[in-house]
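Engineer: Here is a sequence with its predicted model. Questions after.
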Amino acid sequence: MALPDFSMRQLLEAGAHFGHQTHRWNPKMERFIFGSRSNIHIIDLSQSIPLLHQALVKVREAAASGGRVLFVGTKRQASDPIAVAARRCAQYYVNHRWLGGTLTNWRTVSQSIARLRELEGLIEGDTGAGRTKKELLQLTRERDKLELSLGGIQDMGGIPDLMFVIDTNKEAIAIQEARKLNIPVIAILDTNCDPDGITYPIPGNDDAARAIQLYCDLMADAVLDGLAAGQAASGVDLGALETPVEPALARSEAAADPQAEQTPAAEPAIERAAEEASSPTPEQAG
């Protein structure tokens, strides 16, 4: 498998080179700034491309080794792309509001996740049949509130191995928690951001919707490539599967059908591969 392809032209078309107004800059970003035009800083994409490639390699390695990747982006423009990309590659995300202690106080967060699952069972199961309309409404409101903050991480099961962040200023608490737990951080850095403490910095526009969509798609594709590589390394024979899945085709189909992106594309294929690899063939049984 190969890493997802991207070019300088794609970044330019997405507006990844536009920074903030010159008076809103962070001097620590000076080395990543090409110049200014009409009082707007221009980001040096010749530096962004190798740094983005390095980050994609790290994401692929983490996914291939079975690691968890957490996508974080709670600003309005990033909320939907973050969720769609994370679901598409069967990973985890926070796209509404980062709750303080989500990582550093995981035990308490796990209790909230357990409560979320309990509420889902109460509302969707038969146990809610004997409740009044008011009680069901209160349970639904509590479920929806927890779903916004914890829905993307309820199946994570532990601390992530890698974090991908859009807008380090808005997600400063998340980055602080990751640094405290020594979790590598991949972050998109605009000209008003602080690059200190970011393991894999990627200079680029963190406000343009097309740029955010491009970053998320590349990260999701890198995860899918890593999952496929890990599957091959585990000895699963893709050619012997009853329904083999080509990741490149899965990505193109997901892009053509937005509804298909709402469910993780990688999980079913991996589960089928593991089942078929573990079950004996008729020849072996004989």
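Structural biologist: Perfect, thanks for sending it.
Engineer: Confirm for me that Phe18 is in contact with Ser38.
Structural biologist: No. Contact criterion Cβ atoms under 8 Å: Phe18 and Ser38 do not qualify, at 10.5 Å. C-beta: built from backbone N, CA, C; applies to glycine.
Engineer: ok, now how distant is Gly158 from Gly152?
Structural biologist: From Gly158 across to Gly152, the span is 15 Å (Cβ to Cβ, to the nearest Å).
Engineer: what's the spacing between the top helix by length along the chain and its chain's center?
Structural biologist: Ranked by residue count under DSSP state H, the longest helix found in the chain is helix 209-233. Counting by Cα atoms, centre = their mean, to the nearest Å, helix 209-233 is centred 9 Å from the centre of its parent chain.
Engineer: Give the other helices and strands that it contacts.
Structural biologist: Using 3 or more Cβ pairs under 8 Å, 6 or more residues apart in numbering; DSSP states H and E, the elements in contact with helix 209-233 are helix 8-13, helix 45-64, strand 69-72, helix 76-88, strand 162-166, strand 185-189, helix 247-256, helix 266-278.
Engineer: residue nearest the centroid of the protein?
Structural biologist: Residue closest to the mean C-alpha point of the chain, counted by Cα atoms, centre = their mean, is Phe71 at 3.0 Å.
Engineer: where are the low-confidence patches of the chain?
Structural biologist: Applying pLDDT under 70 to the chain picks out residues 1, 126-129, 234-286.
Engineer: switch the cut-off to 80
Structural biologist: Applying pLDDT under 80 to the chain flags the ranges 1-2, 124-131, 231-286.
Engineer: sorry, back to before: what about Gly158 and Gly152, which has more around it?
Structural biologist: Gly152 (22 against 9; other Cβ atoms under 10 Å).
Engineer: I believe that one is in a helix; please confirm or correct that.
Structural biologist: No. In this structure, Gly152 is coil, not part of a helix, as judged by DSSP: H, G, I helix; E, B strand; the rest coil.
Engineer: more crowded one of Phe18 and Ser38?
Structural biologist: Legend: neighbour count by other Cβ under 10 Å for Phe18 and Ser38, higher for Phe18 (19 against 7).
Engineer: any idea how far Ile43 is from that one?
Structural biologist: Between Phe18 and Ile43 the computed distance is 7 Å (Cβ to Cβ).
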